[in-house]
Every structure is written in C-alpha cells, then in structure tokens.
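In: Sequence and predicted structure below; questions after.
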Amino acid sequence: MLPLPTDVLDGAVRLVGSRGEQPRRAMIVADPTSGGMAAMEALASHLGGFDVTVVRVAIPPERDRDATHGSVTVVDVPSLAAWGSATRRLPSPDLVIDLTEDGKDVHARVWRRGFLNLRQGGVHVARHRGGTGPLEDSCARVVHRVVGAVGRGVVEKLADPRDRALATSVETLTLAPTHTMVVKRGAHHLKVRESEVAKVVTGRSSDATAQVVARRAAGTLESPTRVHGVLARYDEEFATSVAYPAATVRVYEGPVTVAPRGLVHASGMILPESFRYPYATTLTSPGADDVDDAFARVPAHHVAARHLPGTYFHLDPFLASHFGHLMVETVSRLWGWDHVRALHADAKVILQARTPGDRISTLDRRLLGAYGIEAEDIVMVDGPVRVDRLAGASPLLHYAEPYSIHPSLTSTWDRLAGTLVRPDAEGQGERIFVSRPAGRMKRDCRNTDEVEEIFRRFGFTVIYPQVLSLEEQATAFARAKVIAGFGGSGMLSLIYARQVETVIVLNQEGYTARNEYVVSLLLDCDVHFLWSAGDVPQPAEGWSSEAFFSAWDFDVDRNIDELRGLLGSS
C-alpha cells in the first residue's frame, strides 16, 4: 500500500514535469514510523523515471544502514539536523516527500531546511497523519502563514527569519486533508564551504567535479608579536595565539561561471572562491543575493552567456584592481599558482575588469608579475564567462572573525619582496609615517596636517603610498624599523617589513578592520593601536557601516603621552 493516494503522487509528478535530458530526482524523508523499505520501494516504483533517495532519520541501529535497495539509494542520518547536512552532498531533488511523524513540528522543520534545496519548479509534499484538518499539520500552518503574509504585503512582520527568507520562493500552495503540497519558485544556489568543497561539488553535481590537488595543514600560530592598546570591547579580536584552518588548491572540471565581484558558481552552487570571508559563520558573496545562511540567488546579469575555453586560476578580489583587496585577498591565494601550473602548463590567471573595456591595470600587472605571473598569462574578462576548468586556492589570511593567518604565507611575501624591494635603495628612512590626503569621503581624518607634523617632529618621513610605485612602497617598508600610519590599505605593505620593530596604527574607534593586526602576527614586533573617537560611534549591539566609515580627528591630548613614551620627546 502506498503511503499517499496515487492521485496526489501523480499530481506531484505532473507538476515537476520533464527535465529534458537531465534525470528527475525524488527524495523521501522517513523515520521509524514511516514503514519499512518495502513501502519505500513501492513508492519508488510508482515514481517510475525518478532517481529515488530515501533519507531515514533516527532509524534504530539494528536496521540495515546506508544500503542500496534495487533502484533506491538509502542514506541514514541520526537526526533532522544531520539530514540537512547530508543533503548538501546530494543532488538537488525535483520532488521531496516527507513521510515523518509531525511531532515537535517536524514537518515545518523539514520544509524550512529542505525547500530551497529543491530545483526550480520542484515540489514538496508533506503527508498528514492524525490531524482533524489541514492546518493541524505544522508544514501546512507555516506555509499558509507565509503565503498569507506575501498576499497582505507584510512579509517583514513574519517572526521567524527563515520564513521571511522563504516567502518569495513559494509558487503555489495546496492544502488537503491528506497532504500539503508546495511548489517552489526560482533557482537557489547552495553556498559551499572551504572544508567541504570536494565532497559537495562532486556529490551534488552531475556535470562538475572538484579535486583537491594540494593541501597545507591546519594548526595554531603562537605569534611572538606583542599587541598593545586594544579597546576593551574588542579584546578577544586581538589574540596572539590563533588557530588557522587547512588550506587547499582545487581544480573544478566542468562548466564553471566566473562572474564580477569575485563570484564563482557552477551547477547550482556558489563556490568558496566567491566569499570574502570564507571561514565566517555566515557566508556572504558580494556578487550574489543572499536568501538565508545556506542559499543565495545568482542575479541574471551574473549568469554566463559566453564560453571561454581553457584552464584558469581564479585570483579575483571582491573589488577589481583595488590595492587593499588585492593585498589581502589575491596575495593570500597566490600560493596555489605553482601547483596549478605544474598540472596545467597552459593555465592562465583570470581577472574581471573593473569597468567595461578595461585592460589589465598596472597594479595587477606589477603585483602578479612580482610573483612570476607574466602579463601574457593574465586574461581580463568583462562580465560573466563560462570556463571548462577552473582552479582556486584557499586564502592563507582571513581578515574577519575568526581571524587567522597561515605561517606559510611568509613564503609568498618573501617572493614578492625578492622582486619588488630594491636592494641598493635606502628607502624612506628608519621611521616612516604612512599618510593619506585629508578630505576623503570615507574615514577622513580632518587634522591630518597636524598629525603629520607631530610625526615629523618625532623624526618620521611622511609617505603617501598612493603616489609611490609598488617597488618604492615595498622598499620603504622593508627598510623601516618603526612604521606608523592611519589604519587602512596604505599599511598593508607591512608584508615586506622584515626589519620592523614597532608598528603604530592610528584609528577611530568605529573602524573595525583588523588587517594590520593580522599581518603583524607574522612579523615579531610590537604593535600599538592609538584610538580616537569617530563622529559616529558603533552601536552597543550590532555593527554600523556609518560608524565604520566615520570622519574623525586624531585626539592629540589622548595619545601624545603614549607617543612620547614610545618615540622619545619631540
């Protein structure tokens, strides 16, 4: 006997329709109350033409586990939470049939966890058992409430953020005494984490694979650097004992789209190369539209229409040809280049143009050239392209929580310095102050002139990195023993600072970037943070971009005594 009426099953199959040459897939979610495998096999037989996977939740250990029963694949998981994790490594289904018992709102939890995992136009069916009406079922109640909120234009008032995320993805809802049936609208891409990339891509896709070709081990860095002047509120963000994750180089085979703003996607997945902060609790890609913690939408203008044959290595930062983003995002992935070239001698670096029609910038060409990547091995593209093979590498520096830096990154820095630092040049002296022009739209220090004069009196040479060549910047930092400056991109040439003993960073309190701190963990020096109030403070709870970019005045009275203690009288 089938667990659902045949007209319900046949109706769901008709709604799924044809997938052309692609196989249709069904996922049956079962628990110990759903019946044995004979019932599951009967259901699979009725769904002729579907590849069927039965996910059994909390099945007692004496049952056969993770078996294949005829044409039915069985996946056993200990809990509903584990079911959500297991589905990440399985192809997206066209049809989900939930046969579990609805105690503790299980049906609503299954729908919330699994609905976005359906392919576009997919169907979710929850079987009702023992209720007096359709709305006795938790899935029916939740979806009915969500659809009602959409109809009334009050989605933002839904209490559960998961329901707000799902609201625009419901195409139709059918409530019946025996079942709830929901049809999905739109396509959603799974956000893939660094730690799972090979298993998820290969397990989930029928036309793309991922192979790890090089790996650097995880560990804990015990940095000799001493950090001073940390604000009490952010004390935990400045540790000197820092765990760093394993890093990999991987090669994707199959159609992969490389889009602007660092976005890389394939077969319904957003790949780890897309994320500025790939080890953050919540993954966010600037090139995609987040739906919830696990899924995002790829905008139509980031879907590739043009095919670019060949093998490519992805080094695109979040902001193309931006010095700061190149220094933290691109440089920390350069280590993968030699591994990729050893496997694919014809591989080229792929970069997105900053604006349509741009050629490779001088900055990109000089920085990559310093690592040994010639201009003819760099391909600039304007908009999304589809490639047959793409390689990517984990970043060895993570500049958001959890902050981390892999000690092997120094080999990349040394290789760049070996080309950029001029061996016969004196640099700018042993004390340099890294400044920037006043009047900026973001993080403007209004008394910059006063600050520069203070540091000149302490024997510093004031430099403006934006008017120096990469070679001049690298040489200045490499020769200096005391480096001070405004926090920001200009200080990132600390990666060349092999003689530095003291680093002094001037910031306003709302600026929460920690780039100088993370880089300094590999330098064995003293890092001093001198703080001043910004015009807009960070809120007591949460985070404010207005505070982050706030204008400010360097507070001389607050900081001058510490400067004198560090640098002597002026």
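Out: That came through, no problem.

In: For the rest of this, base every contact and every neighbour count on C-alpha atoms.
Out: OK.

In: For the stretch 401-550 of the chain, which segments are assigned as helices?
Out: Along the stretch 401-550 of the chain, counting by DSSP state H, counting those that start in this stretch, helices occupy 409-420, 448-457, 470-479, 515-520, 545-548.

In: between these, which one is nearest to residue 301?
Out: If you check each of these against residue 301 by CA to CA, helix 545-548 wins as the nearest, at 26.5 Å.

In: before we move on, the earlier item: make TSV from the helices of the stretch 401-550 of the chain and add mean neighbour count, distance to residue 159 and mean pLDDT to it.
Out: TSV is the format used below for the helices of the stretch 401-550 of the chain (neighbours: other CA atoms under 10 Å; distance: least, CA to CA, whole Å; pLDDT from 0 to 100):
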stretch	mean neighbour count	distance to residue 159	mean pLDDT
helix 409-420	18	45	98
helix 448-457	16	47	97
helix 470-479	24	52	96
helix 515-520	22	37	97
helix 545-548	17	25	97
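
In: and residue 277, how far is that from residue 317?
Out: Note on residue 277: its distance to residue 317, by CA to CA, to the nearest Å, is 11 Å.

In: Which residue of those two possesses the greater neighbour count?
Out: When neighbours are counted by other CA atoms under 10 Å, residue 317 comes out ahead of the other of residue 277 and residue 317, with 27 against 22.

In: Which residues are in contact with the more buried one?
Out: By CA atoms under 8 Å, 6 or more residues apart in numbering, the contact set of residue 317 is 261, 262, 276, 325, 326, 329, 330.

In: Can you verify it is assigned to a helix?
Out: No - according to DSSP: H, G, I helix; E, B strand; the rest coil, residue 317 belongs to no helix; its state is coil.

In: picking up where we left off before, go through the helices of the stretch 401-550 of the chain and name the closest to residue 208.
Out: With CA to CA as the criterion, residue 208 lies closest to helix 409-420 of these, at 29.9 Å.

In: In which helix or strand does the closest residue to residue 320 other than its chain neighbours reside?
Out: Setting aside the residues directly before and after it, residue 320 is nearest to residue 354 in space (CA to CA, 6 or more residues apart in numbering), at 5.0 Å. Assignment of secondary structure by DSSP states H and E places residue 354 within no helix or strand.

In: and residue 354, what does it touch?
Out: 319, 320, 321.

In: Residue 455: which of these is nearest?
Out: The shortest separation between residue 455 and any of the contacts of residue 354 is 30.9 Å, and it belongs to residue 321 (by CA to CA).

In: can you give me phi and psi for the closest one?
Out: In this entry, residue 321 is assigned phi and psi values of phi 60, psi 30 (degrees, to the nearest 10).

In: what about it, distance to residue 435?
Out: Taking CA to CA, one finds residue 321 at 21 Å from residue 435.

In: any idea how the chain splits into domains?
Out: 6-184, 189-216+243-398, 421-567 (automatic domain parsing).

In: can you list those domains in JSON lines and add distance to residue 224?
Out: Formatted as JSON lines, the entries for the domains of the chain read as follows, by distance: least, CA to CA, whole Å:
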{"stretch": "domain 6-184", "distance to residue 224": "39"}
{"stretch": "domain 189-216+243-398", "distance to residue 224": "14"}
{"stretch": "domain 421-567", "distance to residue 224": "5"}
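
In: Looking at the ones you listed, spot the one closest to residue 412.
Out: domain 189-216+243-398 (6.5 Å).

In: What's the mean pLDDT across the closest one?
Out: Mean pLDDT, taken over the full extent of domain 189-216+243-398, equals 94.

In: Now do that domain: distance to the chain's middle.
Out: In terms of CA atoms, centre = their mean, to the nearest Å, the gap separating the centre of domain 189-216+243-398 from the centre of its chain is 11 Å.

In: Any chance of the helices of the stretch 401-550 of the chain in a markdown table with distance to residue 225 as columns?
Out: What follows is the helices of the stretch 401-550 of the chain, written out as a markdown table (distance: least, CA to CA, whole Å):
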| stretch | distance to residue 225 |
| --- | --- |
| helix 409-420 | 15 |
| helix 448-457 | 23 |
| helix 470-479 | 17 |
| helix 515-520 | 7 |
| helix 545-548 | 26 |
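
In: so which of those helices gets nearest residue 232?
Out: Nearest to residue 232 among the helices of the stretch 401-550 of the chain is helix 515-520; the distance by CA to CA comes to 15.6 Å.

In: between the helices of the stretch 401-550 of the chain, which one is nearest to residue 430?
Out: Across the helices of the stretch 401-550 of the chain, residue 430 has its closest neighbour in helix 470-479 (6.3 Å, CA to CA).

In: got the contact list for that closest one?
Out: 363, 366-367, 417, 420-422, 425-430, 432, 465, 483, 493-494, 496-500.

In: And the buried ones among those, selectable in ChimeraX?
Out: Buried members of the contacts of helix 470-479, identified by 16 or more other CA atoms under 10 Å, are gathered into one ChimeraX selection as follows:
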select :366,367,417,420,421,422,427,428,430,432,465,483,493,494,496,497,498,499,500
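
In: Narrow the contacts of helix 470-479 to those in strands?
Out: Secondary-structure check on the contacts of helix 470-479 using DSSP state E: residues within strands are 432, 483.

In: Same list (the contacts of residue 317) but as JSON lines, adding secondary structure, neighbour count and distance to residue 284.
Out: Shown next, in JSON lines, are these (DSSP: H, G, I helix; E, B strand; the rest coil; neighbours: other CA atoms under 10 Å; distance: CA to CA, whole Å):
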{"residue": "261", "secondary structure": "coil", "neighbour count": "23", "distance to residue 284": "12"}
{"residue": "262", "secondary structure": "coil", "neighbour count": "23", "distance to residue 284": "11"}
{"residue": "276", "secondary structure": "coil", "neighbour count": "24", "distance to residue 284": "8"}
{"residue": "325", "secondary structure": "helix", "neighbour count": "18", "distance to residue 284": "16"}
{"residue": "326", "secondary structure": "helix", "neighbour count": "23", "distance to residue 284": "19"}
{"residue": "329", "secondary structure": "helix", "neighbour count": "23", "distance to residue 284": "15"}
{"residue": "330", "secondary structure": "helix", "neighbour count": "22", "distance to residue 284": "18"}
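
In: Contacts only, for the most centrally placed residue in the chain.
Out: Geometric centre of the chain, nearest residue: residue 275, 2.6 Å, by CA atoms, centre = their mean. Residue 275 makes contacts with 262, 263, 283, 284, 285, 286, as judged by CA under 8 Å, 6+ apart.

In: now, the most widely separated pair of the residues you listed?
Out: 262 and 283 (13.5 Å).

In: what's downstream of the longest strand along the chain, the next helix or strand?
Out: The single longest strand within the chain, with elements called by DSSP E, is strand 247-258. Next in sequence after strand 247-258, counting helices and strands by DSSP H and E, comes strand 264-266.

In: which helices and strands does that next one pack with?
Out: Based on contacts counted as 3 or more CA pairs under 8 Å, 6 or more residues apart in numbering; DSSP states H and E, the elements that strand 264-266 packs against are strand 247-258.

In: then the strand it packs on to PDB, C-alphas only?
Out: C-alpha atoms of strand 247-258 as PDB (Å, rounded to 0.1, in the frame of the first residue of the first chain):
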ATOM      1  CA  ALA A 247      44.200  25.300   3.000                       C
ATOM      2  CA  THR A 248      43.700  23.600  -0.300                       C
ATOM      3  CA  VAL A 249      44.200  24.100  -4.000                       C
ATOM      4  CA  ARG A 250      41.400  22.500  -6.000                       C
ATOM      5  CA  VAL A 251      40.600  22.100  -9.700                       C
ATOM      6  CA  TYR A 252      37.000  22.200 -10.900                       C
ATOM      7  CA  GLU A 253      36.200  20.200 -14.100                       C
ATOM      8  CA  GLY A 254      33.000  21.100 -15.900                       C
ATOM      9  CA  PRO A 255      31.200  24.300 -16.700                       C
ATOM     10  CA  VAL A 256      32.100  26.900 -14.100                       C
ATOM     11  CA  THR A 257      31.000  30.600 -14.300                       C
ATOM     12  CA  VAL A 258      33.400  33.300 -13.300                       C
END
